[in-house]
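Visitor: test case, fold it:
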Amino acid sequence: MTSWTIGPKQVGEGAPVFIIAELSANHLQKFDLAVETIRAIREAGADAVKLQTYTPDTLTLDSDNDCFRIKQGTQWDGKTLYQLYREAYTPWEWQPELMRLAGELGLICFSSPFDKTAVDFLEEMKVPAYKIASFEITDIPLIAYVAAKGKPVILSTGIATLSEIEEAVNACRSVGNDRIALLKCVSAYPAPIGESNLKTIPDLQERFKVVAGLSDHTKGISVPTAAVALGAKIIEKHFILDRKLGGPDAAFSLEPAEFKAMAQGVREADAALGSVRYELSEKLQKSREFARSLFVVKEIKAGELFTEENVRSIRPGFGLAPKYLGKVLGKKSKVHIHRGTPLTWALVEGKSDDD
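Guide: I've put the predicted structure just below:
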């Protein structure tokens, strides 16, 4: 796996999981609500807040033609694309102020551009990274234009085939940008847990030699936590102050307490992964005192034979290892041994502790 930085944060191999809160349309076109949401994102433990930079006119046409009407079995069915994006877009004039606020709060702030004008706009704000949304992953000219800015490019793979993912990665590398992340994503809103296919995450990492992660649209927090156990180094999740506020993304967004619980679970799962290790820590070495070992369980006179009646494998672990029981039985005791004495080779005739 590779790694690189977004602002002051290291992302990828050897770094903590990078947690992104997606603001999306959860501001409901109210600037004060956007500000309040970003403040809550900071308190919930995210590393970054992500915006979306488009207008309905940069993304689609205002048309009632059947091609432009949503009918894919989503919560937005019946609207036209233009109507949805007019409801969901983040006004561009807000974005410099929202990025300034995020910086003051210690949050990294970047955005998903949906056309070249958005990229140029974000370049003026010196954003530290770019995100390519799942539905834009086939727009190779846009990806190449973004990648040419020389900043990390995070691509969601929701609607892409394997060959399309490869084309997107190649578009970045063709302009000399190898700071690439691929996020496993299910472009369903909300996404069924059973379609998560998280085992794709380590395959993305291995197949494309990039940072891999998850953009999650399920309702809960178990999927992102499980993704970390499979090697995800980026987790992105939608954030809303209160789902009762409604809006196009409310159904699959986490409220502050839920997001905070997810962030804690992700951090704990990440910390638990550690490394491949069989050596015992000092603490575990101490715990071995509770393991089983051979003890004298009846008084034994000098010259008396060790038998299954006077020697047993019991806890604690201060005597010979239980595997030596067969070698002890039938041997004679060198000395008188009291009940409760841990058996050592020094007590066995013909043996010593050096054996």
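
Visitor: neighbours of the nearest residue to residue 69 once chain neighbours are set aside, how many?
Guide: Sequence neighbours aside, residue 80 is the residue nearest to residue 69 in space, at 5.4 Å (criterion: C-beta to C-beta, 6 or more residues apart in numbering). For every residue, glycine as well, the C-beta is placed using N, CA and C. A total of 21 residues lie near residue 80 under the criterion other C-beta atoms under 10 Å.

Visitor: number the residues from 35 up from this point.
Guide: Sure, I'll start counting at 35 from here, so that last one is residue 114.

Visitor: now do the contacts for residue 114.
Guide: Going by C-beta atoms under 8 Å, 6 or more residues apart in numbering, residue 114 touches 96-98, 102-104.

Visitor: and what of residue 137?
Guide: residue 143.

Visitor: would you mind listing the buried residues in the helix or strand harbouring it?
Guide: Per DSSP states H and E: residue 137 is located in helix 129-138. Within helix 129-138, the residues scored as buried using 16 or more other C-beta atoms under 10 Å are 129, 132-133, 135-136.

Visitor: what's the pLDDT at the residue of the chain most remote from its centre?
Guide: In the chain, the residue that sits farthest from the middle, by C-alpha atoms, centre = their mean, is residue 337; the gap is 64.1 Å. Note on residue 337: pLDDT of 96.

Visitor: run a quick neighbour tally on the residue lying closest to it once chain neighbours are set aside.
Guide: For residue 337, ignoring the flanking residues on the chain, the nearest one in space by C-beta to C-beta, 6+ apart is residue 366 at 5.4 Å. By the criterion of other C-beta under 10 Å, residue 366 has 14 neighbours.

Visitor: residue 366 pairs with what?
Guide: Per DSSP bridges, the residues bridged to residue 366 are residue 339.

Visitor: roughly how far apart are it and residue 52?
Guide: Using C-beta to C-beta, to the nearest Å, we find residue 366 at a distance of 67 Å from residue 52.

Visitor: got it, and residue 38?
Guide: Residue 38 sits 11 Å away from residue 52, going by C-beta to C-beta.

Visitor: shared neighbours, these two?
Guide: Joint contacts of residue 38 and residue 52 (C-beta under 8 Å, 6+ apart) are residue 45.

Visitor: please enumerate the helices of the stretch 35-184 of the chain.
Guide: 65-77, 90-93, 115-122, 129-138, 150-158, 174-181 (DSSP state H, counting those that start in this stretch).

Visitor: list the contacts of the spatially closest residue to residue 104 that is not a sequence neighbour.
Guide: Closest residue to residue 104 apart from its sequence neighbours, by C-beta to C-beta, 6+ apart: residue 110 at 4.9 Å. Contacts here follow C-beta under 8 Å, 6+ apart; on that basis residue 110 touches 104, 118, 223, 282.

Visitor: quick check: domain ranges of the protein?
Guide: What the TED database lists as the domains of the chain is 47-88+123-307, 316-381.

Visitor: tell me the most buried of those?
Guide: Mean neighbour count (mean count of other C-beta atoms under 10 Å) peaks for domain 47-88+123-307 among the domains of the chain, with a mean of 19.

Visitor: can you get me the start-to-end distance on that domain?
Guide: One end of domain 47-88+123-307 sits 13 Å from the other (C-alpha to C-alpha, to the nearest Å).

Visitor: can you tell me the average pLDDT over that domain?
Guide: Domain 47-88+123-307 comes out at a mean pLDDT of 96.

Visitor: per-residue pLDDT, the closest residue to residue 243 other than its chain neighbours?
Guide: Using C-beta to C-beta, 6+ apart and skipping the chain neighbours, the partner closest in space to residue 243 is residue 36 (6.4 Å). Note on residue 36: pLDDT of 88.

Visitor: so where do the strands sit in the stretch 235-384 of the chain?
Guide: 245-250, 268-272, 327-330, 345-348 (DSSP state E, counting those that start in this stretch).

Visitor: can I get the ones you listed in JSON lines including distance to residue 201?
Guide: Converted to JSON lines, these look like this (distance: least, C-beta to C-beta, whole Å):
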{"stretch": "strand 245-250", "distance to residue 201": "18"}
{"stretch": "strand 268-272", "distance to residue 201": "21"}
{"stretch": "strand 327-330", "distance to residue 201": "63"}
{"stretch": "strand 345-348", "distance to residue 201": "63"}
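
Visitor: next, residue 188: secondary structure please.
Guide: The local conformation at residue 188, judged by DSSP: H, G, I helix; E, B strand; the rest coil, is strand.

Visitor: separation between the residue nearest to residue 347 when sequence neighbours are not counted and residue 376?
Guide: Among residues not flanking residue 347 along the chain, residue 356 sits closest, at 3.9 Å (C-beta to C-beta, 6+ apart). Residue 356 is 12 Å from residue 376, where distance means C-beta to C-beta.

Visitor: same check on residue 120?
Guide: Counting by C-beta to C-beta, the gap from residue 120 to residue 376 is 79 Å.

Visitor: and residue 388, what pLDDT?
Guide: The confidence metric pLDDT takes the value 67 at residue 388.
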